[in-house]
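**Q** model the following, please.
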Amino acid sequence: MSALPLADFDSDAQLPHLPVEARRSQGAPLTAILQEVFGYTAFRGQQQAIVDHVSTGHDALVLMPTGGGKSLCYQIPAIARHRAGYGVTVVVSPLIALMHDQVGALEEVGVHAAFLNSTLSLEDTQRIEREMMSGRLVLLYAAPERVTNLRFQAQLASLHERGLLSLFAIDEAHCVSQWGHDFREDYLQLSLLHERFPDVPRLALTATADDQTRADMIERLQLQDARVFISSFDRPNIRYALVEKDEPRKQLLRFIRDEHDGDAGIVYCQSRKKVEETADWLNEQGITALPYHAGLDASVRQKHQDRFLREDGLVMVATIAFGMGIDKPDVRFVAHLDLPKNIEAYYQETGRAGRDGGQADAWLTYGLADVVNQRRMIDESPANDDFKRIQRGKLDALLALAEAHDCRRVRLLAYFGEASQPCGNCDNCLTPPATWDGTEAARKMLSCIYRFWQHGRQRFGGGHLIDVLRGKQTDKVAQYGHQSLSTFGVGAALSENQWRAVLRQLVALGHVVAEGEYNTLSLTDSARAVLKGEVQLTLREAVELPRRGRAGKAEGSGGASAAAPADLNGAALARFTELKAWRAGVAKAHNLPAYVVFHDATLADMARIAPQTLGELAGISGVGAKKLQAYGNQILALLNP
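**A** The predicted structure follows:
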């Protein structure tokens, strides 16, 4: 794109020729904006306190779970401050898809918004820049690299001089932290916003951050004086289940067919190859699945993402390249076929399920190889020792969650500093795992690893270790003379699967490490106390998770499909189906995902209540003034034929 002269955009001819303060007013009450624009009658959680704080020109750091309503925390202050004469809010956003959908949703409710990114033509870029420089835009979305480039900074300076730079909202703010799970160097430059425009309020938002990441965000974004709002990280509608790998593709297929047949879901894999192979295999099994990873052509990625957002019941198989900014509210499950890097990544990724508040599943299958691979990636990274130490600690916390005997949610929330009670809605609560005193078994395994080294100064992998413990006469056992070891056959009473579970848990607990190309095993310093019998080890046994219906409830609980709310009777269900078909046509005509027009919950309320007048329709949550004007008569005609 060729350089564009700033002179083209510096005119404020569209604004009254009055001093800045003379243009400003108190604006509309925030609750009035919430109801008039977005159609909601009340704020949720800390939203009220946040929008009050930010609208009056103060800085804030907001930690709020996915689906908790973060966008409203900056959109409502942006609208209020624009109406009061403060000008444009700039939203720093890392993803093109998120910008497109957010802008489309805002325009649907009558808020003038736009984005600047590489998908635009020169003509469109110039048009949007004119809108921005005139002060007519309420919100402008832009990537961090654009916000920090010299040309854009000059435009911001011009806006600021004329009192038309209202607010900076920094979304996905954890990207600024090297301790976070999605660090991006472009975010490091965002400190210049405070340095150059110290009187413009800033709002940083993220769905996840532990103490280290939180402190890093405050320092790097210079938010030391900002008020910190921390909402509960609990997503009670999500059921967490972590199971041991045993033919993981077949496990995934059973999970989808038994509990989420026809539902939208995301399956995360670690490698691009595994993404494509898994997507192909699911399609062969009759489940419509699309692959998504950074190695695909950009047009293919965009096509697949658009289909996932706009169509019902698709499964996206992806690497973590598919992530932030996925606003689809009716994702009913997120499955992991590989272990994530840490709890923050796991929480962020699983949080993409059930954004609409409906029942959803976070399902993960893991094994010893996952643990070994994650440790190897940390050890072989070019990072410094301090970084590696912290990342190992974060992985250990995730492994503790995976091997836990008690409530998953309690442990997950404790990681973020939040106390809670057992949830009754995770695998360990629903079916408490059997445990056993694995101290002696662990001592036998650790002793065998030590005997290998003592016998021939060699290390071996898990398969050979288990063969020796179980007393199997293999060629490898004979080759190295391991039948003569005192540990040969001492574990014959346990099955191969039981020994693999012991080994996985010893690695997870840090008593054993697997190293090198062949994952050979060696003892850590902590193994000494176990060998001496100074530490008692309670290990978990694998259990089968009870199946449950597609509404996300245990079989026999009376659940119904997420696509058909349980409290709709025959007539209401027919109205709901008609409304969904009408919404699909509107969404297609506007080139938007269906949920941007209306969420399922809003359609269900319409079908249930069957309003007779525009006034009654306006009382339904999610029906704002602009949508009432645009669609009200069409909806009433559908509901009252």
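**Q** which residues of the stretch 301-450 of the chain fall in strands?
**A** 315-318, 331-336, 360-366, 435-437 (DSSP state E, counting those that start in this stretch).
**Q** would you mind finding the most buried of the ones you listed?
**A** strand 315-318 (a mean of 27; mean count of other C-beta atoms under 10 Å). For glycine as for every other residue, the C-beta is placed from the backbone atoms N, C-alpha and C.
**Q** okay, and the beta partners of L63?
**A** T206, I230 (DSSP bridges).
**Q** so it touches A226, yeah?
**A** No: L63 lies out of contact with A226 (C-beta atoms under 8 Å); the separation is 11.9 Å.
**Q** ok, these two, which is more surrounded?
**A** Between L63 and A226, counted using other C-beta atoms under 10 Å, the more crowded position is L63 (25 against 21).
**Q** check contacts around the more buried one.
**A** 205-209, 214, 228-231, 233 (C-beta atoms under 8 Å, 6 or more residues apart in numbering).
**Q** what about it, distance to L494?
**A** 45 Å (C-beta to C-beta, to the nearest Å).
**Q** please apply the same query to F387.
**A** 39 Å.
**Q** same thing with L253?
**A** For L253, the distance to L494 - C-beta to C-beta - is 29 Å.
**Q** compare the two (neighbour count), which wins?
**A** A count of neighbours by other C-beta under 10 Å puts L494 above the other of L253 and L494, at 19 against 16.
**Q** sorry, back to before: PyMOL command to pick out the buried ones of the contacts of L63?
**A** Remark: buried members of the contacts of L63, expressed as a PyMOL selection using 16 or more other C-beta atoms under 10 Å:
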select buried, resi 205+206+207+208+209+214+229+231+233
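**Q** distance to D280 and pLDDT for the contacts of L63 - can I get that in JSON lines?
**A** Shown next, in JSON lines, are these (distance: C-beta to C-beta, whole Å; pLDDT from 0 to 100):
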{"residue": "L205", "distance to D280": "37", "pLDDT": "93"}
{"residue": "T206", "distance to D280": "35", "pLDDT": "90"}
{"residue": "A207", "distance to D280": "31", "pLDDT": "85"}
{"residue": "T208", "distance to D280": "32", "pLDDT": "80"}
{"residue": "A209", "distance to D280": "36", "pLDDT": "79"}
{"residue": "R214", "distance to D280": "41", "pLDDT": "89"}
{"residue": "V228", "distance to D280": "46", "pLDDT": "95"}
{"residue": "F229", "distance to D280": "44", "pLDDT": "95"}
{"residue": "I230", "distance to D280": "42", "pLDDT": "92"}
{"residue": "S231", "distance to D280": "40", "pLDDT": "90"}
{"residue": "F233", "distance to D280": "36", "pLDDT": "90"}
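**Q** which of the contacts of L63 sits closest to P248?
**A** Minimum distance to P248 across these is 25.5 Å, recorded for T208 (C-beta to C-beta).
**Q** ok, the closest one to P65 distance?
**A** 8 Å.
**Q** common neighbours of these two, please.
**A** The contact lists of T208 and P65 share 233, 351, where a contact means C-beta under 8 Å, 6+ apart.
**Q** quick one, which of the strands of the stretch 301-450 of the chain gets closest to A514.
**A** strand 360-366 (14.5 Å).
**Q** the helices in the stretch 351-500 of the chain, which residues?
**A** 368-380, 385-402, 408-415, 427-430, 439-456, 462-470, 475-480, 496-508 (DSSP state H, counting those that start in this stretch).
**Q** actually the stretch 151-300 of the chain, sorry about that
**A** Using DSSP H, counting those that start in this stretch, helices in the stretch 151-300 of the chain cover 192-196, 211-220, 248-259, 272-284, 298-310.
**Q** residues in contact with A298?
**A** Contacts of A298 by C-beta under 8 Å, 6+ apart: none found.
**Q** before we move on, back to that, make TSV out of the strands of the stretch 301-450 of the chain and add distance to H260 and mean pLDDT.
**A** What follows is the strands of the stretch 301-450 of the chain, written out as TSV (distance: least, C-beta to C-beta, whole Å; pLDDT from 0 to 100):
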stretch	distance to H260	mean pLDDT
strand 315-318	9	96
strand 331-336	5	96
strand 360-366	7	95
strand 435-437	30	91
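**Q** how about the strands in the stretch 451-600 of the chain?
**A** Under DSSP E, counting those that start in this stretch, the stretch 451-600 of the chain gives strands at 512-515, 520-523, 538-540.
**Q** sheet-wise, list the partners of the second one with their directions.
**A** To tie it back to what came earlier, the one meant is strand 520-523. Per DSSP bridges, strand 520-523 is paired in its sheet with strand 512-515 (antiparallel).
**Q** list the buried residues of the strand it pairs with.
**A** 512-514.
**Q** quick check, L430 in contact with G424.
**A** Yes: using C-beta under 8 Å, L430 makes contact with G424 at a distance of 7.4 Å.
**Q** these two: which has the busier surroundings?
**A** Using other C-beta under 10 Å as the criterion, L430 and G424 rank with L430 on top: 15 against 11.
**Q** low-confidence ranges, the stretch 251-400 of the chain, go.
**A** Low-confidence segments of the stretch 251-400 of the chain (pLDDT under 70): 323-325.
**Q** ok, the spatially closest residue to A402 that is not a sequence neighbour - contacts?
**A** In this structure, A402 finds its nearest non-sequential neighbour in L242, 5.0 Å apart by C-beta to C-beta, 6 or more residues apart in numbering. Going by C-beta under 8 Å, 6+ apart, L242 touches 364-366, 401-402, 408, 427.
**Q** got a markdown table for the residues you listed, with distance to L150 too?
**A** Shown next, in a markdown table, are the contacts of L242 (distance: C-beta to C-beta, whole Å):
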| residue | distance to L150 |
| --- | --- |
| L364 | 45 |
| T365 | 48 |
| Y366 | 47 |
| L401 | 45 |
| A402 | 47 |
| R408 | 48 |
| D427 | 53 |
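**Q** any weak-confidence spans in the stretch 101-250 of the chain?
**A** Using pLDDT under 70, the stretch 101-250 of the chain drops low at 179-181.
**Q** can you tell me how far the residue nearest to V315 when sequence neighbours are not counted is from D280?
**A** In this structure, V315 finds its nearest non-sequential neighbour in A289, 4.3 Å apart by C-beta to C-beta, 6+ apart. A289 sits 8 Å away from D280 when distances are taken as C-beta to C-beta.
**Q** higher neighbour count, the two?
**A** Taking other C-beta under 10 Å, A289 and D280 do not tie; A289 has more neighbours (21 against 13).
**Q** the more buried one contacts M316, doesn't it?
**A** Yes: counting by C-beta under 8 Å, A289 does reach M316; the two are 7.4 Å apart.
**Q** overlap in contacts, those two.
**A** V267.
**Q** thinking again about what came up before, dump the helices of the stretch 151-300 of the chain to CSV, plus distance to F322.
**A** Listed next are the helices of the stretch 151-300 of the chain as CSV, based on distance: least, C-beta to C-beta, whole Å:
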stretch, distance to F322
helix 192-196, 29
helix 211-220, 22
helix 248-259, 17
helix 272-284, 9
helix 298-310, 7
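**Q** for those helices, which one sits closest to G110?
**A** helix 298-310 (22.1 Å).
**Q** list the buried ones in the closest one?
**A** 301, 304-305, 308-310.
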